[in-house]
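1. got a predicted structure here, sequence first:
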Amino acid sequence: MLEADKMFAGSIPENYDRHMVPLIFEPYAADMAQRAAALSPGAVLEIAAGSGVVTRALAPKLSANARYTVTDLNQPMLDYAASRQPPDPRLEWRQADALALPFDKATFDLVCCQFGAMFFPDRAAGYREARRVLRPGGHYLFSVWDRIEENVFADDVTNALARIFPDDPPRFLARTPHGYHDKAVIRRDLEAAGFSRVTIETRAEQSRAASARVPAVAYCHGTVLHTEIEAREAGKLGAATDYVAAAIADKHGRGEVAAKIQAHVITAVA
């Protein structure tokens, strides 16, 4: 992962929430909220909350006396997430680095993280921190994307941009969101951090959109691809988005479009 891959600032948080969340994140957020609530946690820590899609799904399912601490490394993302959430005395919003969590040992019953572990510069350190703040027997529940070839629109976007920029193709999607998908490696990393009873479920969903332009805008404007495209040629974002939309339409049609998305959902016990 490059340092720039962690930067979700400017217009990206709003575009991310408006376009990416309904396209690929909502079904997994609903699933994670259901899994988390079934554990009946009294104290929850969410890491890498992004624009708050899991927070919005999980908070209504927690008990009235639960504590829910929501964190993200990126303050603009956290601010945006907080702005989307109704006032709730159970929620605390904290900017926090997953590799150096500002919480005492054995503070939480559950740590959850949807599609954030891929961004950890040192996953072993991130896992050790999650285990440190969990109470004995507490659960770490998180998800990562499967390889990019199993996530069709992301693959389509990456391939289309490679045709526009053949000498230096933007590879953010393959490099980072879809760069940590080997289940054996994930299990090894968790066990090395001291977790036990690791379970990994591969879950496929459908990504649906009203037109091919929706995934094109979602990926090109709502992720770090935005800055990668502009870095290669200033002012090229609009033309690149048009090209990607046309490529998706050629493959999937000019009406509503749908394609497979796939992720791993992991549970481990401290």
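-> Sure, I can see it.
2. quick one: pLDDT of the spatially most central residue of the chain?
-> By C-alpha atoms, centre = their mean, the mean C-alpha position of the chain lies nearest to Phe115, the distance being 2.9 Å. Reported pLDDT at Phe115 in the predicted model: 96.
3. now for it: which residues touch it?
-> Phe25, Tyr28, Ala48, Gly50, Ser143, Val144, Trp145, Pro177, Ala263 (C-beta atoms under 8 Å, 6 or more residues apart in numbering). Using the backbone N, CA and C atoms, a C-beta is placed for each residue, glycine as well.
4. of all the residues you listed, which comes closest to Ala192?
-> Within these, the smallest distance to Ala192 is 16.5 Å, found for Val144 (C-beta to C-beta).
5. what is the burial count for that closest one?
-> Look at Val144: counted by other C-beta atoms under 10 Å, it has 24 neighbours.
6. start the count at 747, not 1, going forward
-> Renumbered: residue one is now 747, and that last one reads Val890.
7. my read is that it contacts Val931, right?
-> No: counting by C-beta atoms under 8 Å, Val890 does not reach Val931; the two are 10.4 Å apart.
8. how would you label the closest residue to Ser953 other than its chain neighbours: helix, strand or coil?
-> Spatial nearest neighbour of Ser953, excluding adjacent residues (C-beta to C-beta, 6 or more residues apart in numbering): Ile1007 at 4.6 Å. At Ile1007 the chain is in strand, as set by DSSP: H, G, I helix; E, B strand; the rest coil.
9. all strands of the stretch 747-896 of the chain, in order?
-> 789-792, 813-818, 837-841, 854-860, 880-891 (DSSP state E, counting those that start in this stretch).
10. one step back: mind checking how far the residue nearest to Ser953 is from Thr815?
-> 28 Å (C-beta to C-beta, to the nearest Å).
11. ditto for Gly999
-> 44 Å.
12. using CSV, lay out the strands of the stretch 747-896 of the chain together with distance to Asn897.
-> As requested, those are exported to CSV (distance: least, C-beta to C-beta, whole Å):
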stretch, distance to Asn897
strand 789-792, 23
strand 813-818, 23
strand 837-841, 29
strand 854-860, 15
strand 880-891, 6
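13. before we move on, back to that, so which of the contacts of Phe861 comes closest to Thr948?
-> The closest of the contacts of Phe861, once distances to Thr948 are taken by C-beta to C-beta, is Ala1009, at 7.5 Å.
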